[in-house]
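Trainee: coords please:
(2 chains)
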Amino acid sequence: MAHYIVGTVKTAAGEVPKVSTALTAKDVFGSWLARWGVNRMHYGVPPGLYCVGDANPESPVVVSANYKMSFDVLRKNLAGLAAWILVIDTRGINVWCAAGKGTFGTDEIVGRLAEVDLAKVVSHRTIIVPQLGAPGVAAHEVSKRSGFAVVYGPVRASDLPAFLAAGLQAASAMRRVNFTFRDRIVLTPIELVGVLKPAVVIGLGLVVLQALGFDVLSLAVIYPYIGAVLVGCVVAPALLPWLPGRAFSLKGWLAGAVWTVVVAAIDNLYLPELSGWRNILIYFLTVPPLAAFLTLNFTGCSTYTSFSGVKKETALSLPLLGCSFLTGVVLLLAGLPGIW
Amino acid sequence: MGLRYLSGVVSLSIEQDKCRGCGRCTEVCPHGVFAMKGDKVSIIDRDACMECGACAKNCPFAAISVNPGVGCAYKVIMSALFGEKRSCGCS
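Mentor: Next up, the predicted model:
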């Protein structure tokens, strides 16, 4: 039995597992690993009906995705309350992303309501669906097909106690998505992990170049690019509201340009053999575009970029970034000692 | 939220004739794009729209249309290279 199940509650539709509202070290560690991409696509909870506290037929019903992190955040925020939790099958994906894919959707909710026989468990006919599930759920269709009215709950589970206390009313701030410093920082590890695979391929490429006589396998040559990865994946996302411009690629390019100035200064002080205008030019052609490209990828993590906007930004920026980067690489290879 | 994305790009529109003023769209929109004006809904902040599609999906009168999608550059690039079917790797 899963460690978060602490008992059962008898209902007219059978026994329902009761879950703890306190997260254990195992839950916290599991979330941390998932943030780093470990077991992230297999971090699920079995779909079905659960409860917290002494749930009775009048207790509210809250719907959740079967991503363990979503489930954990929900049960933690229901501490001290009595409620039913209907976990639907989103294939282990969080509410908002699953709603975008349609797996957190009308059909799944209607089917799951029937499967757990919720009409027998509760005396009321209302389910609380997280607001971020709305892109996948047609509330009026759920009502028509299941007899359960959908009330959209707040964006953040932490607002649920206030929402429930107010008689299922959400203050307008509870309906708004943010993208706070913390929201952004927790998403940066998965960005770094995403760079690992291409980094291995590029690393192998460098080994081949070294074998061909290009002197590329030195920290002096590589560190500006390691820095560019950190700027694009971590620094620019962290500083997002303070970097000028609206396009992610522009924000990332500017942050990368600042790093390039730092690199030029470091080389000038400590690596005189690498300093000089030619190398500074190469850095400016390659380092900011790399940071810009990685920051552009962070649009996928953001909570406010539209598909139309990202399509436009990508179409405009990618050719410029690509040309700049390739020109720089050609200049770099042509100028490296050891072959010409 | 202080962060704003590109302006004048989104595919959102509303047919006022079909709107019956239920206000569901004002409830589901995560960016405050809609507001009730009298007995109908108006778009008050179009550029804040992220095209998640929640409003159109939840409009019982099909008054709202938007081309829903995920604002993810990785997905844009992958679908340009390998076709629209390719899903992103996100959870």
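
Trainee: For residue 48, give me its contacts.
Mentor: Just going to use chain A. A:P17, A:L86, A:V87, A:R112, A:E115, A:V116 (C-beta atoms under 8 Å, 6 or more residues apart in numbering or on different chains). (Each C-beta comes from the backbone N, C-alpha and C, glycine too.)

Trainee: Chain B was what I was after
Mentor: A:Y304, B:R4, B:H31, B:G32, B:V33.

Trainee: Out of the residues you listed, who's the most crowded?
Mentor: B:V33 (24 neighbours; other C-beta atoms under 10 Å in any protein chain shown).

Trainee: Am I right that that one is in contact with B:E51?
Mentor: No - counting by C-beta atoms under 8 Å, B:V33 stays clear of B:E51, with 10.2 Å between them.

Trainee: Can you check which residues contact both of those two?
Mentor: Common neighbours of B:V33 and B:E51 (C-beta under 8 Å, 6+ apart) are B:L12.

Trainee: Going along the chain, name the strands of chain B.
Mentor: Under the criterion DSSP state E, strands of chain B are mapped to B:13-14, B:34-37, B:40-43, B:64-65.

Trainee: So which other helices or strands are in contact with the last one?
Mentor: Using 3 or more C-beta pairs under 8 Å, 6 or more residues apart in numbering or on different chains; DSSP states H and E as the contact definition, the elements that strand B:64-65 packs against are strand B:13-14, helix B:54-58.

Trainee: can you check the second one too?
Mentor: Helices and strands touching strand B:34-37, by 3+ C-beta pairs under 8 Å, 6+ apart, are helix B:24-28, strand B:40-43.

Trainee: cutoff 6 Å now
Mentor: The contact analysis (3 or more C-beta pairs under 6 Å, 6 or more residues apart in numbering or on different chains; DSSP states H and E) places strand B:34-37 against no helix or strand.

Trainee: Sheet-wise, list the partners of it with their directions.
Mentor: strand B:40-43 (antiparallel) (DSSP bridges).

Trainee: who in chain B is up against chain A?
Mentor: Selection of chain B residues close to chain A by C-beta under 6 Å from any C-beta of the partner chain yields B:1-6, B:9-11, B:27-28, B:30, B:50-54, B:57-58, B:60, B:69-74, B:76, B:90-91.

Trainee: Residue ranges in chain B under the pLDDT threshold?
Mentor: Scanning chain B with the threshold set as pLDDT under 70 gives B:84-91.

Trainee: let's see 90
Mentor: For chain B, the stretches with pLDDT under 90 are B:1-2, B:78-91.

Trainee: Go through it and flag its longest helix.
Mentor: Secondary structure of chain B per DSSP state H: the longest helix is helix B:73-82.

Trainee: who does that one touch, helix- and strand-wise?
Mentor: Looks like helix B:73-82 contacts helix A:277-297, helix A:307-335 (3+ C-beta pairs under 6 Å, 6+ apart).

Trainee: contacting residues around B:G69?
Mentor: A:F307, B:E51 (C-beta atoms under 6 Å, 6 or more residues apart in numbering or on different chains).

Trainee: What separation is there between it and A:G30?
Mentor: With distances taken as C-beta to C-beta, to the nearest Å, B:G69 is found 31 Å from A:G30.

Trainee: follow-up on the earlier one: I'd like the strands of chain B laid out as TSV, including mean neighbour count.
Mentor: Supplementary listing: the strands of chain B in TSV, determined by neighbours: other C-beta atoms under 10 Å in any protein chain shown:
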stretch	mean neighbour count
strand B:13-14	17
strand B:34-37	16
strand B:40-43	19
strand B:64-65	20
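
Trainee: domain ranges for chain A?
Mentor: A:5-177, A:182-335 (automatic domain parsing).

Trainee: For B:R20, which of these is the nearest?
Mentor: Nearest to B:R20 among those is domain A:5-177; the distance by C-beta to C-beta comes to 11.7 Å.

Trainee: tell me which parts of chain A are close to chain B?
Mentor: A:40-41, A:93, A:97, A:100, A:134-135, A:138-140, A:152, A:177-179, A:241, A:246, A:296-297, A:299-300, A:304-312, A:314.

Trainee: Skipping its backbone neighbours, what lies nearest A:V177 in space?
Mentor: Nearest residue to A:V177, sequence neighbours excluded (C-beta to C-beta, 6 or more residues apart in numbering or on different chains): B:P30, at 3.9 Å.

Trainee: Please tell me the pLDDT value assigned to A:R145.
Mentor: In this model, A:R145 is scored at 98, pLDDT.

Trainee: now do the one 10 residues further on
Mentor: At A:V155 the predicted local distance difference test score is 97.

Trainee: before we move on, what about A:G335?
Mentor: 74.

Trainee: Could you do A:N39 as well?
Mentor: So, for A:N39, pLDDT stands at 89.

Trainee: quick one: contacts for it?
Mentor: A:L33.

Trainee: Over to it: give its phi and psi.
Mentor: phi 60, psi 20 (degrees, to the nearest 10).

Trainee: For A:L187, see how far away it is.
Mentor: According to C-beta to C-beta, A:N39 and A:L187 sit 17 Å apart.

Trainee: Helices of chain A, start to end?
Mentor: Counting by DSSP H, the helices of chain A are A:25-35, A:68-77, A:95-101, A:106-116, A:118-121, A:139-146, A:160-165, A:181-185, A:188-211, A:219-230, A:236-238, A:248-270, A:277-297, A:307-335.

Trainee: In terms of secondary structure, what does the last one contact?
Mentor: Pointing back at helix A:307-335 there. So helix A:307-335, by 3+ C-beta pairs under 6 Å, 6+ apart, packs with helix A:277-297, helix B:73-82.

Trainee: packing partners for the longest one?
Mentor: Counting by 3+ C-beta pairs under 6 Å, 6+ apart, the packing neighbours recorded for helix A:277-297 are helix A:219-230, helix A:248-270, helix A:307-335, helix B:73-82.
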